[in-house]
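S.K.: Generate a structure from the sequence data that follows.
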Amino acid sequence: MNYRKSVPVPPVTLDDVRGAQKMLTGVARVTAMEGSRHLTQLVGAPVHLKCENLQRTGSFKLRGAYVRIAGLLPEERAAGVVAASAGNHAQGVALASALLGVRATVFMPKGAPLPKISATREYGAEVRLHGQVVDETLAAAQEYAAQTGAVFIHPFDHPDVIAGQGTVGLEILEQCPEARTVLVGVGGGGLAAGIAVAMKTLRPDVRIVGVQAAGAAAYPPSLAAGRPVAVENPVTMADGIRVGRPGEVPFAIVDELVDEVRTVSEDELSTALLLCLERAKLVVEPAGASPVAALLSEPGAFEGPVVAVLSGGNVDPVLMQRVLRHGMAAQGRYLAVRLRLTDRPGALAKMLGVLSVVDANVLDVSHVRTDPRLGLTEAEVELHLETKGPAHCVEVGDALRAAGYLVIA
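M.R.: Numbering: from 1, shown residues only. This next block holds a predicted model:
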């Protein structure tokens with residue numbers, strides 16, 4: 001390992017993970033491992049989905065949060081805890097604190113999904129909104145800790161948290177002992193680090209692949225530099241892995257034990273989320289769908305059996321609507337088109353009749369008659385259509401042109 005730390009980093013061992021597993025008995029669920037016939041056919045080897053989206057609070061975060069808070073001294077518990085999160089860690093800390101009788105304050109970005117904010121409050125935590133990204137929120141929470149004496153519960157940069165997340169790896173080995181490749185989404189790196197410690201210690205031959213959103217991928221440059229490197233203004237729909245800088249502790253583990261870190265695009269994330277919903281009947285947030293996105297982007301790159309960790313399912317319904325439409329567009333199942341027609345009675349109905357013949361479902365119609373670009377007898381129509389795939393999109397465009405319409409886009 002080429003990364004040299006300025007201060008000693010406490011190691012995380014298999015014994016730590018096993019201890020965390022005992023501590024979590026009766027607290028965290030042993031989540032299901034579901035097979036995916038569609039992905040299995042695509043990859044050419046068995047693919048299994050580790051459903052942490054079905055965990056209590058909707059993500060794996062409860063595991064690490066509970067282990068960290070349960071390990072506090074009595075006087076530390078009395079001072080309360082504080083955390084920062086886009087939502088999943090927030091809910092994990094809130095529930096863990098409630099179960100352990102500890103007062104919790106949680107800082108969340110101003111743009112955090114409303115369902116995650118509401119759920120965190122319902123678990124009993126005080127929620128404070130601050131900053132636009134997790135890194136700004138982290139700074140605010142750490143300042144609060146310094147001022148009040150509350151114990152800061154980091155979402156990924158602590159050995160106890162990593163040990164808790166590593167229990168996912170132990171469950172994978174129990175449920176799919178023949179696994180050859182494990183794909184896991186990476187933000188700060190706590191989940192990937194924990195899984196790597198558990199699995200690589202027991203099965204060094206298993207390949208661990210981390211997956212980051214391309215717009216928030218701090219690990220590739222960090223691994224190249226041999227130290228955590230921050231990326232400016234991380235942007236991705238996958239708020240659960242939108243982290244600008246790896247944690248010191250997980251970075252050291254990922255650098256040593258994780259075999260590869262890949263990136264996926266926003267189109268690939270939305271397509272993966274749509275696939276999870278349609279084919280696996282699972283509600284998964286974009287961060288949780290990132291391993292599936294990696295499988296879709298290069299299915300032949302992974303030796304099977306493959307396990308994809310669906311890390312969370314806490315998705316804002318508004319975002320879900322946008323992502324599903326984006327995913328449909330990426331699959332060629334959603335088409336936006338503008339065209340010109342003569343502005344006379346019945347013209348719009350005639351044009352819609354052409355679409356009916358080619359079996360295109362009209363979702364939305366915008367009809368513009370007054371625009372400097374239009375001639376005196378012209379109108380412009382923008383259509384949003386549901387189609388059956390790329391070939392059907394071409395068929396729709398050809399049918400409109402054949403009917404004499406000027407298709408602009």
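
S.K.: Tell me how many other residues crowd the closest residue to residue 333 other than its chain neighbours.
M.R.: Nearest non-adjacent residue to residue 333, counting by CB to CB, 6 or more residues apart in numbering: residue 387, 5.6 Å away. For the C-beta atoms, the positions are set from N, CA and C on the backbone; glycine is no exception. Number of residues near residue 387 (other CB atoms under 10 Å) recorded here: 22.

S.K.: now the one 4 residues further on
M.R.: Using other CB under 10 Å as the criterion, residue 391 is surrounded by 10 other residues.

S.K.: And it, how far from residue 398?
M.R.: Using CB to CB, to the nearest Å, one gets 11 Å for the distance from residue 391 to residue 398.

S.K.: go on, residue 76?
M.R.: Taken as CB to CB, the span from residue 76 to residue 398 is 69 Å.

S.K.: more neighbours, these two?
M.R.: Using other CB under 10 Å as the criterion, residue 76 and residue 398 rank with residue 76 on top: 15 against 12.

S.K.: In contact with residue 315, which residues?
M.R.: The contact partners of residue 315, by CB atoms under 8 Å, 6 or more residues apart in numbering, come to 113, 273, 283-286, 323.

S.K.: swap that for residue 29, sorry
M.R.: Residue 29 neighbours (CB under 8 Å, 6+ apart): 54-56.

S.K.: sec struct for it, please.
M.R.: What DSSP: H, G, I helix; E, B strand; the rest coil gives for residue 29 is coil.

S.K.: Repeat that for the one 5 residues further on.
M.R.: Reduced to three states with three-state DSSP, the structure at residue 34 is strand.

S.K.: just so I have it, where are all the strands in the stretch 1-150 of the chain?
M.R.: Listed in chain order, the strands of the stretch 1-150 of the chain (DSSP state E, counting those that start in this stretch) span 33-35, 47-51, 81-84, 104-108, 126-129.

S.K.: and the fourth one, what other elements does it pack with?
M.R.: In this case it means strand 104-108. Helices and strands touching strand 104-108, by 3 or more CB pairs under 8 Å, 6 or more residues apart in numbering; DSSP states H and E, are strand 81-84, helix 88-100, helix 114-122, strand 126-129, helix 134-148.

S.K.: possible to save these as JSON lines with distance to residue 243, mean pLDDT and mean neighbour count?
M.R.: Formatted as JSON lines, the helices and strands packed on strand 104-108 follow (distance: least, CB to CB, whole Å; pLDDT from 0 to 100; neighbours: other CB atoms under 10 Å):
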{"stretch": "strand 81-84", "distance to residue 243": "11", "mean pLDDT": "96", "mean neighbour count": "30"}
{"stretch": "helix 88-100", "distance to residue 243": "11", "mean pLDDT": "96", "mean neighbour count": "26"}
{"stretch": "helix 114-122", "distance to residue 243": "16", "mean pLDDT": "88", "mean neighbour count": "18"}
{"stretch": "strand 126-129", "distance to residue 243": "18", "mean pLDDT": "95", "mean neighbour count": "15"}
{"stretch": "helix 134-148", "distance to residue 243": "6", "mean pLDDT": "89", "mean neighbour count": "18"}
